[in-house]
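Trainee: Sequence and predicted structure below; questions after.
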Amino acid sequence: MLDWQIITHYFPFLVKGAIITLEISVISLVLGLVAGLAAALCILSTNPLLHWPARFYVWIIRSTPLLVQLFIIYFGLPQFGIGLSPFWSGVLALALNTGAYNAETIRGGILAVPKGQREASRSLGMSKALTMRRIILPQALRLIIPPLGNNFVILIKDTSLVSTITLVELTLTAQRLIGSTYKPFEMYLMAAVLYAILTTGASLLLRQVERRTTWGHV
């Protein structure tokens with residue numbers, strides 16, 4: 001039987017952990033979008049000094065586990081005199097990780113825009129940068145919102161890994177409460193419910209954004 005008294009008493013503590021999880025997710029999302037856009041544009045560039053470093057970034061991040069990336073940033077960087085707090089180590093690792101996946105999503109969206117759009121804008125005297133900003137990216141945005149939204153949902157769940165570097169978010173909060181209550185089922189159940197609320201809320205919000213950016217609602 002579930003211990004409802006334990007659940008009602010400790011649920012507010014888990015909500016505080018969920019708020020930290022949400023903060024990490026939102027900051028990582030913003031930084032990951034910036035990193036992803038920059039990497040996508042660099043990969044599409046004909047300049048090898050931009051193209052190949054961006055290619056390497058996407059390859060190395062997508063080829064290694066997020067947990068290892070997190071440990072390199074939190075435990076490895078201090079060896080070179082760069083010490084980050086658990087919060088910012090988690091944010092940096094998550095942002096770099098989701099940024100690599102966003103880069104491929106954004107690049108695919110840009111390439112999906114018909115080449116005729118570029119040719120038409122260039123014939124009107126628009127520069128490459130202006131064409132990308134005013135013509136290509138707005139059209140690509142409508143194509144990439146669903147996969148970017150999926151990346152964000154995955155990001156929220158991946159925040160549970162930052163508990164391994166002592167950041168007291170939702171998962172570590174549950175683990176600490178288990179140590180004092182000896183009620184693992186109730187604690188993990190509440191954590192799972194809160195993760196479900198966060199991911200469902202994000203999905204609903206992104207669905208609204210997607211609807212507003214379709215051709216019929218511009």
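Mentor: Everything's here; your move. Numbers count the residues shown, from 1 in each chain.

Trainee: So, low pLDDT: which residues of the chain?
Mentor: Applying pLDDT under 70 to the chain flags residues 214-218.

Trainee: which parts of the helix or strand containing Q69 are buried?
Mentor: Here Q69, judged by DSSP states H and E, is contained in helix 66-71. Using 16 or more other CB atoms under 10 Å as the test for burial, helix 66-71 gives L66, Q69, L70, F71. Heads up, the C-betas are built off the backbone N, CA and C, glycines and all.

Trainee: From the chain's centroid, how far away is the next helix or strand after it?
Mentor: Sequence order places helix 86-112 as the next helix or strand after helix 66-71, per DSSP H and E. Centroid separation for helix 86-112 versus its chain: 6 Å, with CA atoms, centre = their mean, to the nearest Å.

Trainee: what's the answer for stretch 19-29, then?
Mentor: Relative to its chain's centre, stretch 19-29 lies at 9 Å (CA atoms, centre = their mean).

Trainee: and it, which residues are buried?
Mentor: I20, T21, L22, I24, S25, I27, S28, L29.

Trainee: which ones among the residues you listed are found in helices?
Mentor: I20, T21, L22, I24, S25, I27, S28, L29 (DSSP state H).

Trainee: Looks like the second one contacts L198 (just checking).
Mentor: Yes - proximity of T21 to L198 meets the contact threshold set by CB atoms under 8 Å, at 6.7 Å.

Trainee: any shared contact partners between those two?
Mentor: With contacts defined as CB atoms under 8 Å, 6 or more residues apart in numbering, the residues shared by T21 and L198 are I156.

Trainee: other SSEs contacting the helix holding Q69?
Mentor: helix 86-112 (3 or more CB pairs under 8 Å, 6 or more residues apart in numbering; DSSP states H and E).

Trainee: Point out the other elements, helices or strands, that the helix it packs on touches.
Mentor: For helix 86-112, the contact count by 3+ CB pairs under 8 Å, 6+ apart identifies helix 4-44, helix 48-62, helix 66-71, helix 137-158 as packing neighbours.

Trainee: Tell me how far the helix holding Q69 lies from the chain's centre.
Mentor: Distance of helix 66-71 from its chain centroid, counting by CA atoms, centre = their mean, is 15 Å.

Trainee: Dump the buried residues of stretch 19-29 into JSON lines; add distance to T98 as well.
Mentor: As requested, the buried residues of stretch 19-29 are arranged in JSON lines below (distance: CB to CB, whole Å):
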{"residue": "I20", "distance to T98": "18"}
{"residue": "T21", "distance to T98": "15"}
{"residue": "L22", "distance to T98": "15"}
{"residue": "I24", "distance to T98": "11"}
{"residue": "S25", "distance to T98": "10"}
{"residue": "I27", "distance to T98": "11"}
{"residue": "S28", "distance to T98": "6"}
{"residue": "L29", "distance to T98": "7"}
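
Trainee: got a list of contacts for stretch 44-62?
Mentor: 38-40, 42-43, 69, 96-97, 99-101, 103-104, 107, 110-111.

Trainee: farthest-separated two in these?
Mentor: Of all pairs drawn from the contacts of stretch 44-62, the greatest distance, 27.0 Å, lies between Q69 and L111 (CB to CB).

Trainee: buried sites along stretch 116-129?
Mentor: Neighbour counts over stretch 116-129 (16+ other CB under 10 Å) mark R118, S121, M126 as buried.

Trainee: what's next to it, contact-wise?
Mentor: Applying CB under 8 Å, 6+ apart, the external contacts of stretch 116-129 come out as L130, T131, R134, I135, I136, Q139.
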